[in-house]
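Q: could you look at this predicted model? Sequence included:
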Amino acid sequence: MIEGEYRLPDWMERLAERTAQKKGVRIRHVDPKKMDAEFDLIRDIYNDSWSGNWGFVPLTNNEMRIFKKV
């Protein structure tokens, strides 16, 4: 977690916006009022995106709970 004021570098923000437009991806902030659902979504996206890599082991709900506490 990043505390305080933080902004992505301009080049990274532009790259993210361009990629989102080309690939139909939506970039948004995490909703702190719905953290359980947000962590489930993050886990699902992570597992889906890495599932094709050799040796990949999906993150479990229990492993995500560890991240919630950090």
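A: That came through fine.
Q: can you read off the pLDDT for Lys22?
A: Here the pLDDT value assigned to Lys22 is 86.
Q: please apply the same query to Ile66.
A: According to the prediction, Ile66 has pLDDT 75.
Q: quick one: neighbours of it, just the number.
A: Neighbourhood size, Ile66 [other CB atoms under 10 Å]: 10. To be clear about C-beta, it is placed using only N, CA and C from the backbone, and glycine gets the same treatment.
Q: quick one: it from Val30, how far?
A: Distance, Ile66 to Val30, by CB to CB, to the nearest Å: 17 Å.
Q: check Tyr6 too.
A: Going from Tyr6 to Val30 by CB to CB gives 14 Å.
Q: between these two, which one's more packed in?
A: Using other CB under 10 Å as the criterion, Tyr6 and Val30 rank with Val30 on top: 11 against 6.
Q: so which residues of this structure form helices?
A: Counting by DSSP state H, the chain has helices at residues 10-23, 35-50, 61-69.
Q: just name the most buried of those helices.
A: Burial of the helices of the chain is given as mean neighbour count (mean count of other CB atoms under 10 Å); helix 35-50 ranks first at a mean of 13.
Q: find the residue at the geometric middle of this structure.
A: By CA atoms, centre = their mean, the chain has its centre lying nearest to Ile42, at 4.8 Å.
Q: pLDDT score for it?
A: Per-residue pLDDT puts Ile42 at 89.
Q: next: the one 10 residues further on.
A: Each residue has a pLDDT score; the one for Gly52 is 94.
Q: burial measure for it, as a count.
A: For Gly52, the neighbour count with other CB under 10 Å is 7.
Q: same question, Gly24
A: 6.
Q: that one and Trp50, how far apart?
A: For Gly24, the distance to Trp50 equals 20 Å [CB to CB].
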